[in-house]
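Undergrad: 3D model of this:
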Amino acid sequence: MLITACGSSVRLDEPELSGTEAETCAALMADLPETVLDQERRPTEPGRHSAAWGRPPITLRCGVPEPQQMTPTSECLEVNGVGWFDQPGTGGRVFTTLGRDVFVEVAVPSDHAPEAGALTFVADAIDRNVPQHTPCV
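TA: Below you'll find the model as predicted:
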């Protein structure tokens, strides 16, 4: 995942999406909160399937590939009805939804610890917009 900050916008690698995945991610982007952990939302580039809040940025990308480290027996962290796969990231944690039609990734720098707290702000929008096919167990 590439993150660069240019001025006030955050540049993120975004997957190329079409069809149902693109529609699902567009609905999610429109429903995300303006603040996460008291951090204001920032513009992203290209901005179709991503969002960011604060400095250093908490980032969300919709439609990402399944993490390579994820297995059928991976531990599931449930936050507000949304299951997450938790893994270390560069300078923080990376959380990816489990059991949803589209994978959504949230990267939280350790400056915003405890990192899982950010998930409480985005979980409701994910639950409303990204259909669940398998519950967190």
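Undergrad: so where is the chain shaky, pLDDT-wise?
TA: 1-7 (pLDDT under 70).
Undergrad: If we use 90, what do you get?
TA: By pLDDT under 90, the low-scoring segments of the chain are 1-8, 71-74, 89-90, 135-137.
Undergrad: what's the single longest helix in the chain?
TA: Looking across the chain with DSSP state H, the single longest helix is helix 19-31.
Undergrad: Tell me the helix or strand right after that one.
TA: Following helix 19-31 in sequence order, the next helix or strand is strand 35-36 (DSSP states H and E).
Undergrad: What is the subsequent helix or strand relative to that next one?
TA: Using DSSP H and E, the helix or strand that follows strand 35-36 in sequence is strand 39-42.
Undergrad: For that following strand, name the packing helices and strands.
TA: Strand 39-42 sits against strand 50-53, with contacts defined as 3 or more Cβ pairs under 8 Å, 6 or more residues apart in numbering; DSSP states H and E. Placement of C-beta: from N, CA and C, glycine included.
Undergrad: Contacts for the helix or strand following the strand it packs on next, please.
TA: Next helix or strand after strand 50-53 toward the C-terminus (DSSP H and E): strand 58-62. Applying Cβ atoms under 8 Å, 6 or more residues apart in numbering, the set of residues contacting strand 58-62 from outside is 1, 3, 10, 12-15, 17, 24-25, 28-29, 32, 36-37, 39, 44, 49-52, 102, 104-109, 112, 118, 122, 130.
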